[in-house]
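In: Okay, sequence plus prediction incoming.
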Amino acid sequence: NTRFDTYSDEPGRDEQKTVAGSIRGTWTGLDRATLTSISSYTDTDALYNYDGDWGSPGAYTDVISLKREREVFSQEFRLDSSDQQDALGWINRWTIGAYIQHLDETTNSIVDSGATWDVDYESDSYALFGQVAHDFSERTRLIVGLRAEYYEVDVQASGDYYGTLFDDSTDQSDPLFGGKVTLEHDLNESHMAFASVARGYKAGGASAPNYTMTTDLGYDDETLWNVELGLRSDWFDGQVVTQLTAFYLYLEDPQLRDSTGSGVWFAYVTENGDTAEHFGIEAEATWYICNSLTASAGLGLLETERDSYGSEPSRNLSNAPAYTYNVRLDYQSECGFFAHLEVLGRDEYYESNSHDQKRDAFAVVNSSIGYRYENWTFTLWAKNLFDEGYEKRIFYFANNTPDYNDVKRFEDPADPQQFGITANYSW
């Protein structure tokens, strides 16, 4: 394929219908506390099919169709202290809460040449959380947060792989614990230093079974330790606001994104590594030039490393560019006109942990101008203004039958230069 031409002989379809809603309620009738309830529900039906051989008729021809139904329900109850208090002689502000989530997803897949598979993926999560804050003085504060969670994941898969029947299942459940301790200190009225130590987690689960016929699809929990040191500052009577943060992350059993298979058999899977590390610095600045004009910029520097796992040697993590940056200028007039101009950029980085192909570095320019009148907003916008070419995704596999021995790089290009007009009405 080229940037504007494809050799696929089947156009494919990509359709999705989603019904979603959320209700948030707050009750202030309690003494010195506020009760908040957040309920949400999402129901999605999706159909995705494509030319599985990625080309015109040749050694083999296949079209794959995936039909997916997904339901997600979540409920959160939270109590927040409404006034500064002296609970237990030490706690000035506090939050406690509970959270549950249920996810149910069904996928039905058919390949025209005769293979099928059905997957049922169900998960439940239950969590309790809390946070307390203590003021040692007007200038020094301590914030402590804790979260405990229990999750269950159950995956059932069955299908017909060209006459070979398979019926696989996997399940996983574990308790998880995390927390964060933050110390903030006002050096003076314009500068605040902070330090934090956090223990986080990602729940384990299972990659959806697929035509690779792989049955070991479960992966374990990931645990991370994060240390941050930073400085928030106001300059020139608040006209310039900056934040500088240095951080270190250590991951145990990191959940790494891999890929397997080729063509119609291609799929992303998650596997656990041994350990991984992140070192980095993030800097942000905002300059309020005048009432109608604001400039902002950000820079991120990152170094990563993961230990070897399986047959993969030690190296940098995927999806971790060594630098990212953004520069933005916003204009907003009192009479309703507005405009913005921004530059976004990043370094090259590995696409996957299972091969050494990289996405190229790039820088794109986006802009817009518009007008707000009462409840209406009209915007003329441009994305990738100078038509920068770069990759949105990279695939690396052999797609030649019958030997599958010619491994090649396949690129999915990012969106080219785009222009558009948007009208919004709010009430």
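Out: Arrived safely, thanks for sending.
In: Which helix or strand lies directly C-terminal to the strand or helix carrying Phe410?
Out: Assigned by DSSP states H and E, Phe410 falls within strand 407-413. Using DSSP H and E, the helix or strand that follows strand 407-413 in sequence is strand 418-425.
In: Just checking: what are the partner strands of that next one?
Out: strand 376-383 (antiparallel) (DSSP bridges).
In: pLDDT on the partner strand, on average?
Out: The pLDDT scores in strand 376-383 average 96.
In: what ranges of the stretch 251-400 of the chain fall below the confidence cut-off?
Out: The stretch 251-400 of the chain contains residues with pLDDT under 70 at 263-264, 309-312, 400.
In: residue boundaries of the strands in it?
Out: 255-260, 267-272, 275-290, 293-306, 323-332, 337-346, 349-350, 358-359, 362-373, 376-383, 391-398 (DSSP state E, counting those that start in this stretch).
In: So for the second one, what gets flagged as buried?
Out: Spelled out, that is strand 267-272. 267, 269-272 (16 or more other Cβ atoms under 10 Å). All C-beta spots, glycine's among them, are computed from the backbone N, C-alpha and C.
In: Repeat that for the fourth one.
Out: Neighbour counts using 16+ other Cβ under 10 Å place 294, 296-298, 300-302, 304, 306 of strand 293-306 among the buried residues.
In: Could you take those and lay them out as TSV, with extra columns for distance to Gly370?
Out: Compiled in TSV, the buried residues of strand 293-306 are given as follows (distance: Cβ to Cβ, whole Å):
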residue	distance to Gly370
Thr294	16
Ser296	19
Ala297	23
Gly298	23
Gly300	29
Leu301	34
Leu302	34
Thr304	39
Arg306	44
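In: ok so, going back, let me have the buried residues of strand 267-272 in JSON lines, extended by distance to Val132.
Out: JSON lines is the format used below for the buried residues of strand 267-272 (distance: Cβ to Cβ, whole Å):
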{"residue": "Ala267", "distance to Val132": "44"}
{"residue": "Val269", "distance to Val132": "40"}
{"residue": "Thr270", "distance to Val132": "35"}
{"residue": "Glu271", "distance to Val132": "38"}
{"residue": "Asn272", "distance to Val132": "34"}
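In: out of everything not next to it in sequence, what's closest to the residue nearest the centre of the chain?
Out: Most central in the chain under Cα atoms, centre = their mean is Asn319, positioned 11.3 Å from the mean C-alpha point. Among residues not flanking Asn319 along the chain, Tyr349 sits closest, at 6.2 Å (Cβ to Cβ, 6 or more residues apart in numbering).
In: Name the residues that touch the helix or strand where Gln243 lies?
Out: In the assignment (DSSP H and E), Gln243 maps to strand 240-252. Strand 240-252 is contacted by residues 222-235, 273, 275-288 when judged by Cβ atoms under 8 Å, 6 or more residues apart in numbering.
In: Quick check on those: which are buried?
Out: Looks like the contacts of strand 240-252 have 222-224, 226, 228, 230, 232-233, 273, 276, 278, 280, 282-287 buried, using 16+ other Cβ under 10 Å.
In: quick one: Ser82 and Leu35 touch, right?
Out: No. Here Ser82 does not reach Leu35: they are 10.1 Å apart, not a contact under Cβ atoms under 8 Å.
In: partners of the helix or strand Val132 falls within in the sheet?
Out: Per DSSP H and E: Val132 is located in strand 115-135. When pairing is defined by DSSP bridges, strand 115-135 lines up against strand 93-111 (antiparallel), strand 140-161 (antiparallel).
In: nearest to Ala423, of those strands?
Out: strand 93-111 (35.1 Å; Cβ to Cβ).
In: What's the mean pLDDT across the closest one?
Out: Mean predicted lDDT for strand 93-111 stands at 93.
In: Next, the buried residues of it.
Out: 93-97, 99, 101, 103, 105, 107, 109-111.
In: from these, which single one is nearest Phe177?
Out: Using Cβ to Cβ, Tyr99 is the member of these that lies nearest Phe177, at 14.6 Å.
In: The closest one touches Asp124, doesn't it?
Out: No. If you go by Cβ under 8 Å, Tyr99 and Asp124 don't touch, sitting 11.6 Å apart.
In: picking that back up, quick one: residues contacting the residue nearest to Asn319.
Out: Going by Cβ under 8 Å, 6+ apart, the list of residues near Tyr349 reads 316, 318-322, 358-359.
In: Quick check: closest non-adjacent residue to Arg372.
Out: Gly336 (4.5 Å).
In: ok, that neighbour to Ala382 distance?
Out: In this view, Gly336 and Ala382 are 20 Å apart by Cβ to Cβ, to the nearest Å.
In: Over to Ala115?
Out: The value you get for Ala115 to Ala382, if Cβ to Cβ is used, is 44 Å.
In: Which one of the two is surrounded by more residues?
Out: Legend: neighbour count by other Cβ atoms under 10 Å for Ala115 and Ala382, higher for Ala115 (19 against 16).
In: who does the more buried one bridge with?
Out: Beta-bridge partners, per DSSP bridges, of Ala115: Val111.
In: and what of Leu293?
Out: Cys290, Tyr331.
In: Give me the distance between it and Val132.
Out: With Cβ to Cβ as the criterion, Leu293 and Val132 are 41 Å apart.
In: Gln239 now?
Out: Taking Cβ to Cβ, one finds Gln239 at 35 Å from Val132.
In: In terms of neighbours, single out the busier of the two.
Out: Set Gln239 next to Val132 and count neighbours by other Cβ under 10 Å: Val132 wins out with 19 against 12.
In: right, and that one touches Val144 too?
Out: Yes. Contact between Val132 and Val144 holds when scored by Cβ under 8 Å: they sit 5.5 Å apart.
In: Many thanks, have a good one.
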